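Peer 1: No letters, just coordinates:
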């Protein structure tokens, strides 16, 4: 007459396991949100600095045009266009920085230093973000999670193209 | 740099009053953060609670267990777990910094118990890879809670990427480079001298490799002397040394920080013959900062620390003949020695706390985005969430 008890016990353990998985997944989603918020904030700051550089005397008119349009696009891009816009901004900044090493006055120097400090931070933020995305993706592949729809309506997090190529 | 003053909780897995690289790193980091105006609490196991600095909270007495090829003095168990929970709930921390959260210790317990901004630092490079495969799935749910991970070396990072499938930012261990930069040359340690600092009784520190190399070195440099500093009982080691060579060894015991600086400035060559189990090599970095010409075994951590031989000479690990050859070459070539020492000293500035702490700060900043502070995981919340989800479906 132990069988019903055993069945209840197994169901309870299984339910506990599911709730454990759900909490885990929820935490991972939260981590992705946080790491993206961090990266997004840094990218916005980069766009702002790019605009400042574009307005400084250091940039020639052609560079100004390129930087300004790239920075505006990065700022106003929709989710779909974001990756391309950030890559374009990276490219535009890289072009300018090659010259920046040689001719720059002291005030522009501080702008460029700020940019390179920010770039280092963005690299770290990207690695943190891709890491959180890939662990979330790995957990979401689990059979139990897909079968019981533990992810609910949360979209599957993805990494953007621009994150794979270094800035 | 952060402008806001934070409440930071740091968890040290190993006994606070036993000497070790991780403990030193945490002590220096905590003191650096406190000096910068943050409020810091370190939770650590401790044997003698009366000697702890005021920022350290004891979690109980550590126990010795064999782990990863060495004896680790760590702490876990239900009582420790409740102390960890108490410390987290009372601390009101903005951020937790857990050291070595992948070993059975209070760091792992804290990682289980807490929720919120957490940063983990991985120090060790695992030796037994199969074990890591076996424990990986158990660790995964805890490790994935960390908002950001730091590895102290490329070797430690590889262990993470290969076995726990997670990436980490490499930030080296910190040293107070300036403390070692201004040592004065002491007559008693100068000349054809070789220095060694470490717990020489432990085989993995490799003193034996140096002892085996000495007969060959002595043939070419008859006046060579070896100074061994570090805690331990030299009796047993001396017994093993060839009686004719015993006079060349001098055991100094533990030396002060000031003496260490003088030591590094005086000895002709500093040797780190470690055979493994090292993931960064803090004393080697200090030797570089002190302006010593360093010779080290080519284990991965040292190879990367010395830039593949650019900032100090390397020899094949456990090969005393090659060690002897490298040392003899350097003792004969003053110019080469000076040049290596100079390159090493410049390189060591990279590990200065001013630089390293800034990098750690920027990781803190990233972990703090959306930060609502560190809280305990409450089990009831898990159930509420699950029940709410069911309601939502209906």
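Peer 2: Nice, I can see it. These numbers come from a predicted model, not from an experiment.
Peer 1: which other residues reach the lowest-mean-pLDDT helix or strand in chain A?
Peer 2: Every helix and strand of chain A was ranked by mean pLDDT, DSSP states H and E. The lowest is helix A:79-100, at a mean of 79. Contact with helix A:79-100 is made by A:43, A:46-47, A:50, A:53, A:58-59, A:63, A:66-67, A:70-71, A:73-74, A:77, A:108, A:112, A:115-116, A:160-162, A:165, A:167, as judged by C-beta atoms under 8 Å, 6 or more residues apart in numbering or on different chains. All C-beta atoms are positioned from the backbone trio N, CA, C, and that covers glycine.
Peer 1: Kindly list the longest helix within chain A.
Peer 2: Looking across chain A with DSSP state H, the single longest helix is helix A:3-55.
Peer 1: what is the mean pLDDT for whatever helix or strand comes next after that helix?
Peer 2: Scanning forward in sequence from helix A:3-55 by DSSP states H and E, the next helix or strand is helix A:61-76. Average pLDDT, helix A:61-76: 85.
Peer 1: Stretch B:324-341 too?
Peer 2: Mean per-residue pLDDT for stretch B:324-341: 94.
Peer 1: What's the end-to-end length of that stretch?
Peer 2: Stretch B:324-341 stretches 19 Å from its first residue to its last (C-alpha to C-alpha, to the nearest Å).
Peer 1: Please parse chain B into its domains.
Peer 2: As assigned by automatic domain parsing, chain B contains the domains B:7-174+B:352-387, B:179-350.
Peer 1: Now distance to residue A:131 too, for the ones you listed, in CSV please.
Peer 2: Below are these laid out as CSV (distance: least, C-beta to C-beta, whole Å):
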stretch, distance to residue A:131
domain B:7-174+B:352-387, 5
domain B:179-350, 20
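Peer 1: quick one on the thing from earlier: buried residues in the least confident helix or strand of chain A?
Peer 2: Residues A:82, A:83, A:85, A:86, A:87, A:88, A:89, A:90, A:92, A:93, A:96, A:100 are the ones in helix A:79-100 that count as buried (16 or more other C-beta atoms under 10 Å in any protein chain shown).
Peer 1: Likewise for stretch B:230-245?
Peer 2: So for stretch B:230-245, counting by 16+ other C-beta under 10 Å, buried means B:230, B:232, B:234, B:237, B:241.
Peer 1: which residues make contact with stretch A:31-45 from outside it?
Peer 2: Residues outside stretch A:31-45 that contact it (C-beta under 8 Å, 6+ apart): A:74-75, A:86, A:118, A:121-122, A:125-126, A:128-129, A:131-133, A:136, A:157, B:144-145, B:147, B:366, B:369-370.
Peer 1: quick one, what contacts residue B:26?
Peer 2: Contact analysis of residue B:26 by C-beta under 8 Å, 6+ apart lists B:10, B:12, B:42, B:44, B:99.
Peer 1: switch to 7 Å and redo it
Peer 2: Taking C-beta atoms under 7 Å, 6 or more residues apart in numbering or on different chains as the criterion, residue B:26 is in contact with B:10, B:12, B:42, B:99.
Peer 1: so how far is chain A from the second one?
Peer 2: Distance of residue B:12 to chain A, computed by C-beta to the nearest C-beta, to the nearest Å: 24 Å.
Peer 1: And the residue nearest to that residue when sequence neighbours are not counted, how far from chain A?
Peer 2: Excluding the flanking residues, the one nearest residue B:12 by C-beta to C-beta, 6 or more residues apart in numbering or on different chains is residue B:44, at 3.8 Å. Using C-beta to the nearest C-beta, one gets 26 Å for the distance from residue B:44 to chain A.
Peer 1: I'd guessed residue B:44 sits against residue B:16; true?
Peer 2: Yes. Between residue B:44 and residue B:16 there is a contact under C-beta atoms under 7 Å: 4.1 Å.
Peer 1: what do those two both touch?
Peer 2: residue B:56.
Peer 1: what helix or strand does residue B:285 sit in?
Peer 2: Element membership for residue B:285 (DSSP H and E) is helix B:282-289.
Peer 1: Counting by contacts, list what that helix packs against.
Peer 2: Secondary-structure packing of helix B:282-289 (3 or more C-beta pairs under 7 Å, 6 or more residues apart in numbering or on different chains; DSSP states H and E): helix B:177-181, helix B:257-266, strand B:269-272, strand B:294-297, helix B:300-305, helix B:334-348.
Peer 1: returning to that earlier point: any idea of the mean pLDDT in the longest helix of chain A?
Peer 2: Helix A:3-55 shows a mean pLDDT of 90.
Peer 1: How about stretch B:252-266?
Peer 2: For stretch B:252-266, the mean pLDDT works out to 91.
Peer 1: before we move on, what about stretch B:172-191?
Peer 2: pLDDT averaged over stretch B:172-191 gives 88.
Peer 1: And chain A, is that stretch touching that?
Peer 2: No. Counting by C-beta under 7 Å from any C-beta of the partner chain, chain A has no neighbours in stretch B:172-191; the shortest distance is 14.6 Å.
Peer 1: From the chain's centre, how far out is that stretch? Work that out for me.
Peer 2: In terms of C-alpha atoms, centre = their mean, to the nearest Å, the centre of stretch B:172-191 is found 19 Å from the chain centre.
Peer 1: can you pull the buried residues of stretch A:124-144?
Peer 2: Applying a neighbour-count criterion of 16+ other C-beta under 10 Å, one finds A:124-133, A:135-136, A:139-140 buried in stretch A:124-144.
Peer 1: wait, does that stretch contact chain B?
Peer 2: Yes. Residues of stretch A:124-144 are located near chain B by C-beta under 7 Å from any C-beta, namely A:124, A:125, A:127, A:128, A:131, A:135.
Peer 1: so which strand or helix has the last one?
Peer 2: Using DSSP H and E, residue A:135 sits in helix A:106-140.
Peer 1: Give the other helices and strands that the helix or strand that that helix is followed by contacts.
Peer 2: Downstream of helix A:106-140, the next assigned helix or strand under DSSP H and E is helix A:143-147. In terms of contacts (3+ C-beta pairs under 7 Å, 6+ apart), helix A:143-147 is packed against helix A:3-55.
Peer 1: sorry, back to before: for the buried residues of helix A:79-100, could you give me TSV that also reports distance to residue A:8?
Peer 2: Below are these laid out as TSV (distance: C-beta to C-beta, whole Å):
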residue	distance to residue A:8
A:82	50
A:83	51
A:85	56
A:86	54
A:87	56
A:88	60
A:89	59
A:90	58
A:92	64
A:93	63
A:96	68
A:100	70
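Peer 1: For stretch B:56-68, give me every contacting residue.
Peer 2: In this structure, residues lying in contact with stretch B:56-68 by C-beta under 7 Å, 6+ apart are B:15-16, B:41-47, B:49, B:52, B:71-75, B:79-80, B:83-84, B:87, B:103, B:106, B:124, B:126-128.
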